[in-house]
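Student: A structural model of the following input is requested.
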Amino acid sequence: MLHKHQQKLIFTSLILKLAILLKDISVIGISVIGISVNSLANEAALYDLAPKDSAFLRVIDLRNEQRSPEKLIVRVKGKRLSTESYCSSSAFIYLPSGTYGDKINGLLWKGTLKPNQAYSLVVDNSSVRLIDDYLVADSRRALLAVHNYSYLSQVGLQTAKSAHPVFVNIPRGETSARVINPLKSAFVVVENRGAEAVKMVATQAIIFQPGVLSSLFICADQAGIFTRWADSMGAQ
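Tutor: Reported below is the predicted structural model:
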C-alpha cells in the first residue's frame, strides 16, 4: 500500500489531468468522468484516514430478494456497512486487524482480518463467508476483479469490441483479478462450452482509473444472467 503523502500526490495529479480532459469531451463523457472523480476522492479519503496496518472490509449482498426484501445493514466496531439490493456491495471501511465475529441476517460469522489486506463478507440466505478481496498495488494501473455469483459453473470475460479473452473459467462462487490499463472499456460475459465461448451478457462500459479497484459482479435472477459494477468504494 502506498504511503499517505504518495497517495495525496497521485490523487492530486489525477484530478488535474481529469480537469484538463473535461474541456474537450462531450457532455456524456463529463458525466462519466465526474462519477470517477467522486470515486477517487472517496478512495483517497478512505486510505488517508486509515491508520497504519489497517484491514479493509465490505459486504456483498447475495440474498434472494423475494425472501429478504430489506436492505442489508451490518455494524462492525461501530461502523455501518449497508447494501442497496441483491448483487450489490457496501463501501469498504477500515478496521484494526484482528479477529471479528457477529451475527448477520441471523447467521454467525467469525474471521481474522490481517493488516493491509482487503476482505468481503459474502452474505446469502443461508450463509456468511469471509473472502479475500483486493487492494491495488500499482498506482499507475487499474485493477479489475470479477466475481462469479451466477448459476454458471464457470464464466469467462472478453473485451466487447475485439472478443479478446480477459478472464477464462472463473468457477461459480469464486473471484479473480488482474491489472488493466486505465481506459474506457466494456466486456462480454461468456460461458465456455467445449471449444465454443457462448456470449451471455454484455457489461456497461466504465472508465478504469489508475490505482483504483473496479469489481464486476456476475449474478442471476429470474430473467437470467446480469452484471453490476461496484468500484472500490462500493458505488453502483
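Student: quick one: least confident helix or strand in this structure?
Tutor: Every helix and strand in the chain was compared by mean pLDDT, DSSP states H and E; the lowest is helix 4-21, with a mean of 43.
Student: where exactly do the helices run in this structure?
Tutor: 4-21, 27-49 (DSSP state H).
Student: which parts of stretch 181-188 are buried?
Tutor: 185, 187, 188 (16 or more other C-beta atoms under 10 Å). Just so you know, the C-beta spots here come from the backbone N, C-alpha and C atoms, and that holds for glycine as well.
Student: ugh, wrong one, stretch 195-202
Tutor: For stretch 195-202, the neighbour count (16+ other C-beta under 10 Å) marks 197, 200, 201 as buried.
Student: pLDDT (mean, whole number) over stretch 193-203?
Tutor: The average of the pLDDT scores along stretch 193-203 is 87.
Student: could you do stretch 146-161 as well?
Tutor: For stretch 146-161, mean pLDDT is 95.
Student: now what about that stretch, what contacts it?
Tutor: For stretch 146-161, contacts defined as C-beta atoms under 8 Å, 6 or more residues apart in numbering pick out 60, 62, 87, 122, 164-177, 185-192, 197, 200, 202-203, 205, 215-220, 225.
Student: same thing but 6 Å
Tutor: Outside of stretch 146-161, the residues within contact range by C-beta atoms under 6 Å, 6 or more residues apart in numbering are 62, 165-172, 174-176, 186-192, 202, 216-220, 225.
Student: next one: that stretch to chain centre, how far?
Tutor: 14 Å (C-alpha atoms, centre = their mean, to the nearest Å).
Student: would you indicate which residues of that stretch are buried?
Tutor: Neighbour-count burial for stretch 146-161, counted by 16+ other C-beta under 10 Å, picks out 146, 147, 148, 149, 150, 152, 154, 155, 156, 157, 158.
Student: and which of those residues is nearest residue 230?
Tutor: residue 147 (9.2 Å; C-beta to C-beta).
Student: beta partners of the closest one?
Tutor: On the basis of DSSP bridges, residue 147 is bridged to residue 175, residue 217.
Student: with the one 10 residues further on instead?
Tutor: With DSSP bridges applied, the residues forming beta bridges to residue 157 are residue 167, residue 189.
Student: how about residue 88?
Tutor: Following DSSP bridges, residue 88 is listed with bridge partners residue 61.
Student: and for it, the neighbour number?
Tutor: Here the count is done by other C-beta atoms under 10 Å, and residue 88 has 21 residues near it.
Student: what of the one 3 residues further on?
Tutor: Neighbour count of residue 91, defined by other C-beta under 10 Å: 19.
Student: give me the distance between it and residue 200.
Tutor: 28 Å (C-beta to C-beta, to the nearest Å).
Student: residue 108 now?
Tutor: Separation of residue 108 from residue 200 (C-beta to C-beta) stands at 35 Å.
Student: same question for residue 169.
Tutor: Using C-beta to C-beta, we find residue 169 at a distance of 14 Å from residue 200.
Student: same question, residue 84
Tutor: Per C-beta to C-beta, residue 84 is found 24 Å from residue 200.
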